[in-house]
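*Asks:* requesting a structural model of the entry that follows:
(chains A and B)
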Amino acid sequence: MTPVEVNVERQGGEEGGGRRHPNTCPECRSHYRDDELRHAQRVCAQCGHHFVVGAMERIEQLVDPGTFVEIGSDLRAADPLAFVDLKPYTDRLMDAELQTGLGDSLVAGHGRIVGRETALAVMDFSFMGGSMGSVMGERFCLAADYAVAYGIPLISVTGSGGARMQENILALMQMAKTVGAVDSLREEGLPYISVLAHPTTGGVIASFASLGDIVIAEPGALLSFAGPRVVEQTTGEKVAADFGRAESNLRLGQLDAVVPRRELRGELAKLLMLFSPAEDEPTGDHEPLMTIVEGDANPIDKVLGRLGLGRRRG
Amino acid sequence: MVRVSDEVRRLRKRFEARAEESHIWDAVQLARNPDRPYTLDYAERLFTDAFELRGDRAFSDDEALITLLARYHGQTVVAIGHQKGRDLSERTRRMFGMPHPEGYRKAIRAVELAERFGYPIITFVDTPGAYPGVNAEERGQAGMIARSILAFCQASVPIVSTVIGEGGSGGALAIAVGDRVLMQQNSIYSVISPEGCAAILWKDSGQARKAAYAFRPTANACLDLGVIDRIVEEPKGGAHEDVDAAAKFLDDAIRQALAQAEMIPAAERRRARRAKFRQMGVWGVVDEPTNQDF
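*Replies:* Modelled structure (predicted):
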């Protein structure tokens, strides 16, 4: 299919009885057809606003075509607490899966970026607010395991409101579990690059996402432990408009860079190059040695077993 | 037509649910009881000599989180704990036990010190959560919690953590990544406060009791879910009814847990602790793998 020319229409006020086009830019009110927005990597052509990107689309934007292989796609959230708020947790899970086509809020796998192999953990904010539960934590760890087994870097892209309340204490424990996975990369001397997209808050930014050897954010992303509303409500403090934004975090020394989405793949490729030995040119012939987890009563042991046998590069 | 036995069963079930709900709410209240012993109350009874390590060497001394070098059953240990205040002025000074990033930086400093000298680490967890203020955010609250969790992951010395009151969210977990994790009988441990959960999911913080029932922050639930290793008994009516007795129970439990943690060879402790947390979580597997490949 030929690329679609980006067409922009300006939209004035709230005509149509307050109803809005689904792809309306919240900053400048331009609105786009979905295919044009997708072609523009979901960046507003008028004002540069970065729309939220789904996990699969993000992977498409970043990796070389045809190189991505998913890991742990068959894991699904259980409901250990039989949790019901206004709706049962199981209903929310089903709705989220039907809406997004994803099994949980993180897609793990591996692929190549400009010829260099990397493990990937990419979150999807549209799956229950990108909340972190048992499956998300396990999938992140599987991506890290893959990186360790094959001696390659890990890149994560996050977008999350925080831990998943419906799994309560088990969700909290995913913070320790994912940090443990980062620790295993550090122990092996493997680079971990964390990309923070809008919004990355709560338990995700207070665990693995802050621990990248390199931490990059997208423009305008909200990156904070507590959201602005929580800060205002609990402390009564006045919260500035730029509170927790990527640009403020850069100024305050919490980030290495704010990188516009269109430059992200190039920057990641540069970093992967800088982290690899001088003589190591990308070959592009690295065959994935492990594919996905097959349906199995105890998939994790199986994966770990395979990883134990894994060949080490470098 | 309604069968009587069915009706009785239904009522009994509802009654049991109510009883369970009020039991959980009792635990929440006891965990927050203003008379409940805090870290320093136990430190005073468990340790023979103690020297407080103060300051993060970068910005300030956060009194919501205290670190001690102390003697415990004849050996030197590093103790780390949240500290709420007793009266209003102390509570204000200690921010009700809600640390800023400086507090976690101090905790990391204490872990590094323990690591340098090979001292075991004993932590006491008792916080509503890390402080959610603008200054805390600007100084990197999230990153410092993450770094504290990492420091605990990386330590090769034995670590025993006990939730002694409120184990509130990431601010609690930041010092609770232990080889052995214990909870006092009437303490709670959760990802968010019942009020916070109610405000988000029920859109009404007044539904906190319902939220607490739904997400079960109790020691029993945490034990069932494999998050903690042991429940520490409290005197009848709660730890505040007899602090000396509560300290005695806690002392026995910590001493045993420490002995167990010390049995793991130092070279394997980091991996063993990582493996312990790695297996936390519950999930299922669907039959048909959907391999996304493009």
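*Asks:* you'd agree A:Thr24 is up against A:Cys44?
*Replies:* No - the pair A:Thr24 / A:Cys44 is not scored as a contact, 9.7 Å apart, by CB atoms under 8 Å. Every C-beta, even on glycine, is put in place using the N, C-alpha and C of the backbone.
*Asks:* more neighbours: which of those two?
*Replies:* Regarding A:Thr24 and A:Cys44, a neighbour count based on other CB atoms under 10 Å in any protein chain shown identifies A:Cys44 as having more, with 23 against 15.
*Asks:* list the contacts for the nearest residue to the more buried one once chain neighbours are set aside?
*Replies:* Take A:Cys44 and drop its neighbours on the chain: the residue closest to it by CB to CB, 6 or more residues apart in numbering or on different chains is A:Cys25, 4.3 Å away. Shown in contact with A:Cys25 (CB atoms under 8 Å, 6 or more residues apart in numbering or on different chains): A:His31, A:Tyr32, A:Cys44, A:Gln46, A:Cys47, A:His49, A:Phe51.
*Asks:* coming back round to it: okay, and the common contacts of A:Thr24 and A:Cys44?
*Replies:* The overlap between the contact sets of A:Thr24 and A:Cys44 (CB under 8 Å, 6+ apart) consists of A:Ser30.
*Asks:* distance between the helix or strand containing B:Val125 and the chain's centre?
*Replies:* Secondary structure assignment for B:Val125, by DSSP states H and E: strand B:121-127. In terms of CA atoms, centre = their mean, to the nearest Å, the centre of strand B:121-127 is found 7 Å from the chain centre.
*Asks:* go on, stretch B:206-226?
*Replies:* In terms of CA atoms, centre = their mean, the centre of stretch B:206-226 is found 14 Å from the chain centre.
*Asks:* do the same with stretch B:174-184
*Replies:* For stretch B:174-184, the distance to the chain centre is 6 Å (CA atoms, centre = their mean).
*Asks:* again with stretch A:22-36
*Replies:* Counting by CA atoms, centre = their mean, stretch A:22-36 comes out at 22 Å from the chain centroid.
*Asks:* need the helices for chain B, in chain order.
*Replies:* Ranges of helices within chain B are B:4-31, B:39-46, B:88-93, B:101-117, B:134-138, B:141-154, B:169-173, B:194-197, B:208-215, B:219-224, B:243-263, B:266-278, based on DSSP state H.
*Asks:* ok, the strand holding B:Val125: who's next to it in the sheet?
*Replies:* If you go by DSSP bridges, strand B:121-127 pairs up with strand B:75-82 (parallel), strand B:159-168 (parallel).
*Asks:* any chance of those strands in TSV, with mean neighbour count, mean pLDDT and distance to B:Asn220 too?
*Replies:* Shown next, in TSV, are the strands paired with strand B:121-127 (neighbours: other CB atoms under 10 Å in any protein chain shown; pLDDT from 0 to 100; distance: least, CB to CB, whole Å):
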stretch	mean neighbour count	mean pLDDT	distance to B:Asn220
strand B:75-82	24	98	22
strand B:159-168	28	97	13
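*Asks:* out of the ones you listed, flag the one nearest A:Glu188.
*Replies:* Among those, the nearest to A:Glu188 by CB to CB is strand B:159-168 (22.5 Å).
*Asks:* show me what the helix or strand where A:Ile193 lies is packed against.
*Replies:* According to DSSP H and E, A:Ile193 maps onto strand A:192-201. Contacting strand A:192-201 under the criterion 3 or more CB pairs under 8 Å, 6 or more residues apart in numbering or on different chains; DSSP states H and E are the following elements: strand A:154-160, helix A:168-188, strand A:214-217, strand A:223-224, helix A:261-274.
*Asks:* now what about stretch A:266-273, what contacts it?
*Replies:* Taking CB under 8 Å, 6+ apart as the criterion, the residues outside stretch A:266-273 that touch it are A:62, A:113-114, A:116, A:118, A:153, A:155, A:191, A:193, A:195, A:214, A:216, A:257, A:259.
*Asks:* just these now: which is nearest chain B?
*Replies:* When the contacts of stretch A:266-273 are compared for distance to chain B, the smallest value, 12.3 Å, is given by A:Leu62; criterion: CB to the nearest CB.
*Asks:* might one say that that closest one is in contact with A:Arg261?
*Replies:* No - in terms of CB under 8 Å, A:Leu62 does not count as a neighbour of A:Arg261; the distance is 9.9 Å.
*Asks:* now the strands: where do they sit in chain A?
*Replies:* For chain A, the strands identified by DSSP state E occupy A:69-71, A:75-77, A:106-113, A:116-123, A:154-160, A:192-201, A:214-217, A:223-224, A:257-258, in order along the chain.
*Asks:* what residues are up against B:Ala198?
*Replies:* With CB under 8 Å, 6+ apart as the criterion, the residues that contact B:Ala198 are B:Asp204, B:Ser205, B:Gly206, B:Gln207, B:Ala208, B:Lys210, B:Ala211.
*Asks:* number of nearby residues for the first one?
*Replies:* Think B:Asp204. B:Asp204 has 13 neighbours, counted by other CB under 10 Å.
*Asks:* and if you look at the fifth one?
*Replies:* Neighbouring residues of B:Ala208 were enumerated by other CB under 10 Å; the total is 19.
*Asks:* and it, what does it touch?
*Replies:* Residues in contact with B:Ala208 (CB under 8 Å, 6+ apart) are B:Val28, B:Ser193, B:Pro194, B:Glu195, B:Cys197, B:Ala198.
*Asks:* in the chain, where is pLDDT below threshold?
*Replies:* No chain was given, so I picked chain A. Chain A contains residues with pLDDT under 70 at A:1-18, A:279-314.
*Asks:* other chain: chain B
*Replies:* Judged by pLDDT under 70, the stretches of chain B that qualify are B:1-2, B:288-294.
*Asks:* show the contacting residues for the residue of the stretch 1-150 of chain A found nearest chain B.
*Replies:* Distances from the stretch 1-150 of chain A to chain B, computed as CB to the nearest CB, single out A:Ser134 as the nearest residue at 3.2 Å. Applying CB under 8 Å, 6+ apart, one finds that A:Ser134 lies in contact with A:Ala77, A:Ala78, A:Pro80, A:Glu167, A:Leu170, A:Ala171, A:Gln174, B:Met280, B:Gly281, B:Val282, B:Trp283.
*Asks:* any chance of the residues you listed in a markdown table, with neighbour count and distance to B:Ala43 too?
*Replies:* Output for the contacts of A:Ser134, formatted as a markdown table (neighbours: other CB atoms under 10 Å in any protein chain shown; distance: CB to CB, whole Å):
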| residue | neighbour count | distance to B:Ala43 |
| --- | --- | --- |
| A:Ala77 | 27 | 40 |
| A:Ala78 | 19 | 40 |
| A:Pro80 | 22 | 35 |
| A:Glu167 | 31 | 33 |
| A:Leu170 | 26 | 30 |
| A:Ala171 | 25 | 31 |
| A:Gln174 | 29 | 31 |
| B:Met280 | 20 | 29 |
| B:Gly281 | 27 | 33 |
| B:Val282 | 17 | 36 |
| B:Trp283 | 24 | 39 |
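*Asks:* now the helices: where do they sit in the stretch 201-314 of chain A?
*Replies:* Taking DSSP state H, counting those that start in this stretch as the criterion, the stretch 201-314 of chain A contains helices spanning A:202-205, A:228-235, A:246-251, A:261-274, A:299-309.
*Asks:* need the winner for burial among these.
*Replies:* Using mean count of other CB atoms under 10 Å in any protein chain shown, the stretch among the helices of the stretch 201-314 of chain A with the greatest mean number of neighbours is helix A:202-205 (a mean of 30).
*Asks:* now the end-to-end length of stretch A:73-82.
*Replies:* 23 Å (CA to CA, to the nearest Å).
*Asks:* would you mark the buried spots in that stretch?
*Replies:* Counting neighbours by 16 or more other CB atoms under 10 Å in any protein chain shown, one finds that the buried residues in stretch A:73-82 are A:Ser73, A:Asp74, A:Leu75, A:Ala77, A:Ala78, A:Asp79, A:Pro80, A:Leu81.
*Asks:* any chance of those in JSON lines, with distance to chain B too?
*Replies:* JSON lines is the format used below for the buried residues of stretch A:73-82 (distance: CB to the nearest CB, whole Å):
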{"residue": "A:Ser73", "distance to chain B": "5"}
{"residue": "A:Asp74", "distance to chain B": "5"}
{"residue": "A:Leu75", "distance to chain B": "5"}
{"residue": "A:Ala77", "distance to chain B": "6"}
{"residue": "A:Ala78", "distance to chain B": "5"}
{"residue": "A:Asp79", "distance to chain B": "8"}
{"residue": "A:Pro80", "distance to chain B": "4"}
{"residue": "A:Leu81", "distance to chain B": "6"}
